[in-house]
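*Asks:* Let's see this in three dimensions:
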Amino acid sequence: MERLTISLDADLARDFDRVIAEKGYGNRSEALRDLIRAFLERSRQADESSPDCVANLSYVFNHHQRDLAERLTALGHRHHDLALATLHTHLDHEHCLESAMLRGPTAAVRAYAESLMAETGVRHGMLNLIAVEAREDRHSHGYVPRGLGHGHLHLKPKT
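*Replies:* Down below sits the predicted model:
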């Protein structure tokens, strides 16, 4: 573990201490580590140095909007390779909230999210994208006859 020393003016330090206490951090170091992770993630996404990601795409839409539910379903089927799971919640008699868990190439995930959020009738779209290192691994869990182990993807967050 490396030790860093920083200097802050009194007002900034006081405001920072107030916010980290409100957020429930035990100390400044934990809060600074989270801020640095977020800063590094934004930097990676800005320069597109992370080819793979996991993501949560959340959006609200009016299911009475003409053909919108069908358009969203068709768009999802065209990008089925990115989808892990979707949660659908009814907010009222007209509006639904969906949250889609995605994984895959960062550019493809971003393009899918942007095209979905651009659909007429979709409101409040938000993509939370996390860079990962993807690695295929071939091993078995529990008893599997010799030679029949399965391969699957391991996704390790970059920070």
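
*Asks:* Quick check: which element contains residue 29?
*Replies:* Element membership for residue 29 (DSSP states H and E) is helix 28-47.

*Asks:* Likewise for residue 125?
*Replies:* Here residue 125 sits within strand 122-139, counting by DSSP H and E.

*Asks:* buried ones in that strand?
*Replies:* Within strand 122-139, the residues that count as buried by 16 or more other CB atoms under 10 Å are 122, 125, 127, 129, 130, 131, 132. For every residue, glycine as well, the C-beta is placed using N, CA and C.

*Asks:* How about the contacts made by the closest residue to the first one other than its chain neighbours?
*Replies:* The shortest distance from residue 122 to any residue other than its chain neighbours is 4.8 Å, reached at residue 61 (CB to CB, 6 or more residues apart in numbering). With contacts defined as CB atoms under 8 Å, 6 or more residues apart in numbering, the neighbours of residue 61 are 68, 69, 72, 95, 96, 98, 119, 121, 122, 123.

*Asks:* let's go with 6 Å and repeat that
*Replies:* Applying CB atoms under 6 Å, 6 or more residues apart in numbering to residue 61 gives the contacts 68, 96, 121, 122.

*Asks:* Okay, and the beta partners of it?
*Replies:* Judged by DSSP bridges, the bridge partners of residue 61 are residue 96, residue 122.

*Asks:* Let me see the confidence value for it.
*Replies:* Here the pLDDT value assigned to residue 61 is 94.

*Asks:* And it, how close does it get to residue 155?
*Replies:* 28 Å (CB to CB, to the nearest Å).

*Asks:* Run through who's touching stretch 106-118.
*Replies:* The contact list for stretch 106-118, computed with CB under 6 Å, 6+ apart, reads 50, 53, 55, 57, 75, 79, 82, 102, 125, 127.

*Asks:* Include distance to residue 3 and secondary structure when you put these into CSV, please.
*Replies:* Output for the contacts of stretch 106-118, formatted as CSV (distance: CB to CB, whole Å; DSSP: H, G, I helix; E, B strand; the rest coil):
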residue, distance to residue 3, secondary structure
50, 28, coil
53, 31, strand
55, 34, strand
57, 39, strand
75, 49, helix
79, 45, coil
82, 41, helix
102, 38, strand
125, 41, strand
127, 35, strand
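
*Asks:* Closest to residue 19 out of those residues?
*Replies:* Of all those, residue 19 sits closest to residue 127, with 25.0 Å by CB to CB.
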